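Engineer: Take this sequence and fold it.
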Amino acid sequence: MMRDRGFVLAEMQKRLHRDTDQLFVKLLVGQWLAASVLALVVAPALLVVAFVGGGLVNLVPLYLVRTRSGAPVTRHAIAVVQMLWCTMLIAITQNRVETQFHVFGSLAFLAFYRDWKVLSTATLVRICTLSRFAWWPASTTGPRLEFWQFFEAAAWVTFIAVTMAVLCFRGLRELKAAAARQARLERTAMIIERKVTERTTELQESSERYRALIENTEAVTFEYDVVAGRMLYIAPQASRMLDCTLEQLEDHQLLADSIYPDDRDRVLATVNEMVNGTRSWSDPIDCRLIGRRGRIVHVRTFLNARGGSRRIRAIVLDITRQRKLESELQQAQKLESVGRLAAGVAHEINTPIQFIGDSVQFMAQSIDDVMMVVGKQQVLLGAIRAGLPASEVAAAAALVQQASEDADLAYLMEQAPKAAERALDGVERVGTIVRSMKVFAHPDSAEMEPVDINTAVKSTLTIARNEYRYVANLDTELGDVPPLTCFVGEINQVILNVVINAAHAIADIHAETGTRGKITVKTSATDDYVEIAIKDTGGGIPEHVRDRIYDPFFTTKDVGKGSGQGLSIARTVIVDKHHGELTFETTTGVGTTFFIRLPIAAGAQKKAAA
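Structural biologist: Numbering: from 1, shown residues only. Below is the predicted model of the structure:
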């Protein structure tokens, strides 16, 4: 409850009055003892009066202090008794001057009440006792006061009382000011306390909302002490991610032990780089976790730590479904590409099939002619073996000669091997196309495999041939490159996307000028990377879109000609999954070169496997 100034002032005055009451309790008792001793020494005849009478006089104020401490009647009773003690001490000392100062001291002590009414009571009592010495000297043991002495003494008492009253008023003003300050302080303290309470409540509610929000999502938050090497907090939903109980989450090493063995060294090295300041905290860490039941979970972790702090805070996201969807999307795009290229592939197969058919038809007709010649030769051989007359043998030989001329046997002997060679070549070309289709469309395995990147490039170029054959010539410069451990299907898809983009860029120029362009595919290797460079002579990439070409669904092609996913998926495959590089160099009106760099080092390949 907020108290106003009047209430605070009343409390302060009451406390002051009670404290002063206690002070006078000690003073009255002390005066009683001192008066008794003084009477014993100076005026033994007054000992009984001092001891008994003083004790009886003290009973009233002491009783009131005990029962009504702080009440007005109590302090007025104390004022009366205190003045009576002044009279008694003056009587005991036979009106010595020194004891007159006891009156002034008593008024000073009574001023502690800061109540001018108490001083008025004390002054009135003192003047009454003085009047006894002036007008009723028989009632006293001291000398009779002259008229002017009475007024002098009364004037001094009144002067001291007025002075003390002025001090009381000043003290009361100070007390009121202190009460006002105290009221303001209490009001301010109450306001601050209320605000603190409100803020505390809001903070608690916010904390509860945050906890409820965090602990009811799939995201797992945790706080880890790097120095102590222990988990300070981990969200309870981690039990679902790791297939464990809440009690098992209390194991400080549970999360670290759950990291997939092939990913553990990479993750710890990355965290150490972040702690040491050699790597940005904004870089996410992708890895795999193994649940208690053997289930593999793909996660993406975002770490953060304040400067100089030994605590790391993190959010772990389950991206297993995302990985699955990415794989399905890449496979769907691959099949979409195969479907889009199916007509061209059919055309590519149709051409060798045609000359295979022509060659086989020629060889079939040739075999009929040869069989006819062979039949005539069999007749001739039978006539010779039968020993027929020479005329008949000569006639059979003439038939053989005529059949050979009709079949043009010399021509058949020259052309038949060529026809067989053309047929075999056609079969080889059809086999190459079919094998390329199988390699391109085959789903990727769960793990990376070593592949010949030149073979992958050839297969992909075979599939894409119908896209560029009418607008561009193809040059390949396939260097000596080592086997590369990668997801070959995804690399094929990236190469296909870039080659098709190059063909479309050249097609736009071809439509305007009618000139054929050129696509150059080159492979090479360094100590660290295998590089695939795909260069075209198209129109280049406009400057205002160069920063957006990797954005999902962004395309500059006509509707129906591109989905805007090709380069986005290519960047995901090369940069995120293989930890390689996908860059380009372009000049408007001249062309573009894309550089695909894939790491060779075994450590980098393990990193890419995450």
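
Engineer: Any idea how many residues pack against residue 530?
Structural biologist: 23 (other CB atoms under 10 Å). Heads up, the C-betas are built off the backbone N, CA and C, glycines and all.

Engineer: Would you agree residue 217 is in contact with residue 237?
Structural biologist: Yes: assessed by CB atoms under 8 Å, residue 217 is found in contact with residue 237 at 7.3 Å.

Engineer: Helices of the stretch 1-150 of the chain, residue ranges please.
Structural biologist: Here the stretch 1-150 of the chain has its helices, by DSSP state H, counting those that start in this stretch, at 5-42, 47-48, 54-68, 72-92, 97-110, 116-135, 147-215.

Engineer: Kindly report the domain assignment for this structure.
Structural biologist: The record's domain parsing of the chain by automatic domain parsing lists 5-187, 220-318, 325-441, 442-610.

Engineer: what's the least confident stretch among those domains?
Structural biologist: Here the domains of the chain differ in mean pLDDT, and the lowest is domain 325-441 at a mean of 72.

Engineer: With neighbour numbers in mind, choose between residue 217 and residue 237.
Structural biologist: residue 237 (19 against 13).

Engineer: which residues of the stretch 401-550 of the chain fall in strands?
Structural biologist: Using DSSP state E, counting those that start in this stretch, the strands of the stretch 401-550 of the chain run over 449-451, 472-478, 484-486, 517-525, 529-536.

Engineer: okay, the domains of the chain in CSV with distance to residue 203 next?
Structural biologist: Converted to CSV, the domains of the chain look like this (distance: least, CB to CB, whole Å):
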stretch, distance to residue 203
domain 5-187, 24
domain 220-318, 17
domain 325-441, 39
domain 442-610, 39
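
Engineer: mind checking which of those domains is nearest residue 199?
Structural biologist: domain 5-187 (18.3 Å; CB to CB).

Engineer: follow-up on the earlier one: who wins for proximity to residue 202 among the domains of the chain?
Structural biologist: In terms of CB to CB, the element of those nearest to residue 202 is domain 220-318, at 21.3 Å.

Engineer: related to what we said a few turns ago, please convert the helices of the stretch 1-150 of the chain to a markdown table, extending it with distance to residue 249 and mean neighbour count.
Structural biologist: A markdown table is the format used below for these (distance: least, CB to CB, whole Å; neighbours: other CB atoms under 10 Å):
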| stretch | distance to residue 249 | mean neighbour count |
| --- | --- | --- |
| helix 5-42 | 55 | 16 |
| helix 47-48 | 89 | 14 |
| helix 54-68 | 66 | 16 |
| helix 72-92 | 69 | 22 |
| helix 97-110 | 73 | 17 |
| helix 116-135 | 74 | 19 |
| helix 147-215 | 12 | 14 |
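
Engineer: could I get those as JSON lines with distance to residue 477?
Structural biologist: Shown next, in JSON lines, are the helices of the stretch 1-150 of the chain (distance: least, CB to CB, whole Å):
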{"stretch": "helix 5-42", "distance to residue 477": "96"}
{"stretch": "helix 47-48", "distance to residue 477": "136"}
{"stretch": "helix 54-68", "distance to residue 477": "115"}
{"stretch": "helix 72-92", "distance to residue 477": "115"}
{"stretch": "helix 97-110", "distance to residue 477": "115"}
{"stretch": "helix 116-135", "distance to residue 477": "115"}
{"stretch": "helix 147-215", "distance to residue 477": "55"}
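
Engineer: secondary structure class for residue 314?
Structural biologist: strand (DSSP: H, G, I helix; E, B strand; the rest coil).

Engineer: Next, count neighbours for it.
Structural biologist: 18.

Engineer: Now render the strands of the stretch 401-550 of the chain as TSV, adding distance to residue 6.
Structural biologist: Output for those, formatted as TSV (distance: least, CB to CB, whole Å):
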stretch	distance to residue 6
strand 449-451	91
strand 472-478	99
strand 484-486	87
strand 517-525	94
strand 529-536	87
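
Engineer: who wins for proximity to residue 194 among the domains of the chain?
Structural biologist: domain 5-187 (10.5 Å).

Engineer: mind checking how far the closest one is from the chain centre?
Structural biologist: 75 Å (CA atoms, centre = their mean, to the nearest Å).

Engineer: i'd like the first residue to be 428 from this point on
Structural biologist: Happy to do that; since the first residue is 428 now, the last one works out to domain 432-614.
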